[in-house]
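Undergrad: predicted model and sequence below, questions to follow.
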Amino acid sequence: QVQPVESGGGSVQAGGSLRLSCVASGYNCMAWFRQTSGKEREVLASLSEIRSVSYGDSIEGRFTISGDTSKGTLYLQMNNLKPEDSAMYYCAAANTRRWAACSVRREFTDWGQGTQVTVAS
């Protein structure tokens, strides 16, 4: 297995876009999370080996997950960014036995170091 490594974070003006990338291998379930100071890490979106996709409630249709777990790639296209989207974004990976669990935080065993996203108003 190759543990997750994220890239693509940075600073952007409100209303702008960013695309995050993650590489990892040996997993059948991958997801994006984010965390701000003092808050719990929240799931944004997940993708499984069978191409099932799940989105967290905070996405509001502005983010799109894509990739291919068999190739070890995961992306998060983020549009119409808002200042409240500023956070550390993490890629996580797991080998799940239940596809429905692919969006559950405790299912994930391996995490990247995170990439910072800052949205200025």
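TA: Thanks, I have it. Numbering: from 1, shown residues only.

Undergrad: tell me the buried residues in the least confident helix or strand in the chain by mean pLDDT?
TA: When each helix and strand of the chain is scored by mean pLDDT, DSSP states H and E, strand 53-55 comes last, with a mean of 92. Buried positions in strand 53-55, judged by neighbour count with 16 or more other C-beta atoms under 10 Å: Ser54, Tyr55. (C-beta placed from N, C-alpha, C; glycine too.)

Undergrad: can you list the strands that it pairs with?
TA: Neighbouring strands of strand 53-55 in its sheet, by DSSP bridges, are strand 42-48 (antiparallel).

Undergrad: list the contacts of the least confident helix or strand of the chain.
TA: Val43, Leu44, Ala45, Ser46, Leu47, Phe63, Ile65, Cys102, Ser103 (C-beta atoms under 8 Å, 6 or more residues apart in numbering).

Undergrad: farthest-apart pair in these, please.
TA: Farthest-apart pair in those is Phe63 and Cys102; separation 16.6 Å (C-beta to C-beta).

Undergrad: that older thread, list the contacts of whatever helix or strand comes next after the least confident helix or strand of the chain.
TA: Using DSSP states H and E, the helix or strand that follows strand 53-55 in sequence is strand 63-68. Residues outside strand 63-68 that contact it (C-beta under 8 Å, 6+ apart) are 22, 30, 32, 44-47, 53, 55, 73-79.

Undergrad: in strand 63-68, what counts as buried?
TA: Neighbour-count burial for strand 63-68, counted by 16+ other C-beta under 10 Å, picks out Phe63, Ile65, Gly67.

Undergrad: next: stretch 43-51.
TA: For stretch 43-51, burial by neighbour count (16+ other C-beta under 10 Å) applies to Val43, Leu44, Ala45, Ser46, Leu47, Ser48, Glu49.

Undergrad: please tell me how far the last one sits from Lys71.
TA: If I follow you right, that is Glu49. 11 Å (C-beta to C-beta, to the nearest Å).

Undergrad: who does Asp110 bridge with?
TA: If you apply DSSP bridges, the partners that Asp110 bridges to are Ala93.

Undergrad: that one - how many residues pack around it?
TA: Neighbour count for Asp110, taken as other C-beta atoms under 10 Å: 17.

Undergrad: thank you kindly, that will do.
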